[in-house]
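Asker: After the sequence you'll find the predicted model.
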Amino acid sequence: TTESASASTEQTTEATSAAEEERCWSPDQTRSSKNPSGKLRGGGLEMIPPKGFDDRTDTTQANFVTDASRAAAKVEGTWYSTVAVGKVEWQPGVEYPGDRDAAERIFACLVSNSAIWDGTSGRSVQDQVTEPVTVAGMSGYRTTGVLHFGQDKLEKTDGTRIMVAVISTPEGPSAFISDVAVGVTEHEEAQNTAYDSLTGLSG
């Protein structure tokens, strides 16, 4: 996994276009959607926040995502599991690579953002898989995997289960992004529950 990830990084760095491409570019965190009652909305997706995920923010730590709505549940201390939806926005001047590559890039940028995983070291990605998916009749791709921590100060977990789904919606490519503590069963189940609740906009 490490070797293929390195090769991918080199190819991305070599890519040239009208703009100087950043591997992990971030748009402004602006909010254009309003959450319907009992749901979170971002871009062209809505989801039902899982039970226990009661903290709400309108930002996400994922690159290439704006108009986000995120729900979080405390694991321990300042460590949280999160689920979010948002609009996928690519860097201006750089051609959108398609939903599959977008899902893999967002996943890779989450994994490599050391600020998110502060207090852990010796991190490695395990069981990474990308597959085509259909959400409420809309096609897309989902990348999943586990970011394992070689060293950490956490008691309840030694890793995070990450899920990034990029879906083609009538409002444009939109994403479901989630990271939950491995071994915290209710959070791992909540990740699947939130994904299964995804729909297009309800109006």
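Answerer: Everything's here; your move. Only a predicted model underlies this, so the values are computations on that prediction, with no experimental measurement involved.
Asker: quick one: residue 180 is in a strand?
Answerer: Yes - according to DSSP: H, G, I helix; E, B strand; the rest coil, residue 180 belongs to a strand.
Asker: ok, now how distant is the most centrally placed residue in the chain from residue 93?
Answerer: The residue lying closest to the centre of the chain (CA atoms, centre = their mean) is residue 177, at 2.7 Å. Residue 177 is 24 Å from residue 93, where distance means CB to CB, to the nearest Å. For glycine as for every other residue, the C-beta is placed from the backbone atoms N, C-alpha and C.
Asker: Buried residues, stretch 144-162. List them.
Answerer: Neighbour counts using 16 or more other CB atoms under 10 Å place 144-145, 147-149, 152, 154, 157-162 of stretch 144-162 among the buried residues.
Asker: quick one: contacts of that stretch?
Answerer: Stretch 144-162 has contacts (CB atoms under 8 Å, 6 or more residues apart in numbering) with 75-77, 79, 81, 107, 110-111, 117, 119-129, 143, 163-164, 178-184, 188, 191.
Asker: Cross-check the contact I'm expecting between residue 87 and residue 44.
Answerer: Yes - assessed by CB atoms under 8 Å, residue 87 is found in contact with residue 44 at 7.4 Å.
Asker: shared neighbours of the two, which are they?
Answerer: Among the neighbours of residue 87, those also in contact with residue 44 (CB under 8 Å, 6+ apart) are 171, 172, 174.
Asker: And the helices in the chain, which stretches?
Answerer: Applying DSSP state H to the chain gives helices spanning 2-14, 99-112, 185-196.
Asker: Quick one: mean pLDDT over the shortest one.
Answerer: So that's helix 185-196. Helix 185-196 shows an average pLDDT of 97 in the prediction.
Asker: how much distance is there from it to the middle of the chain?
Answerer: Here helix 185-196 is found 14 Å from its chain centre; the criterion is CA atoms, centre = their mean, to the nearest Å.
Asker: Give the buried residues for it.
Answerer: 187, 190, 191, 193, 194, 195.
Asker: what does stretch 72-87 give?
Answerer: So for stretch 72-87, counting by 16+ other CB under 10 Å, buried means 72, 73, 75, 79, 80, 81, 82, 83, 84, 85, 86, 87.
Asker: Give me the subset of the residues you listed that lies in strands.
Answerer: Counting by DSSP state E, those place 72, 73, 75, 79, 80, 81, 82, 83, 84, 85, 86, 87 in strands.
Asker: Pick the one among those closest to residue 200.
Answerer: residue 85 (11.2 Å; CB to CB).
Asker: Let me see the contact set for the closest one.
Answerer: 40-43, 45-47, 68-69, 174-177, 198.
Asker: Please list only the buried members of the contacts of stretch 144-162.
Answerer: Buried among those (16+ other CB under 10 Å): 75, 79, 81, 107, 110-111, 117, 120, 123, 125, 128, 143, 163-164, 178-182, 184, 191.
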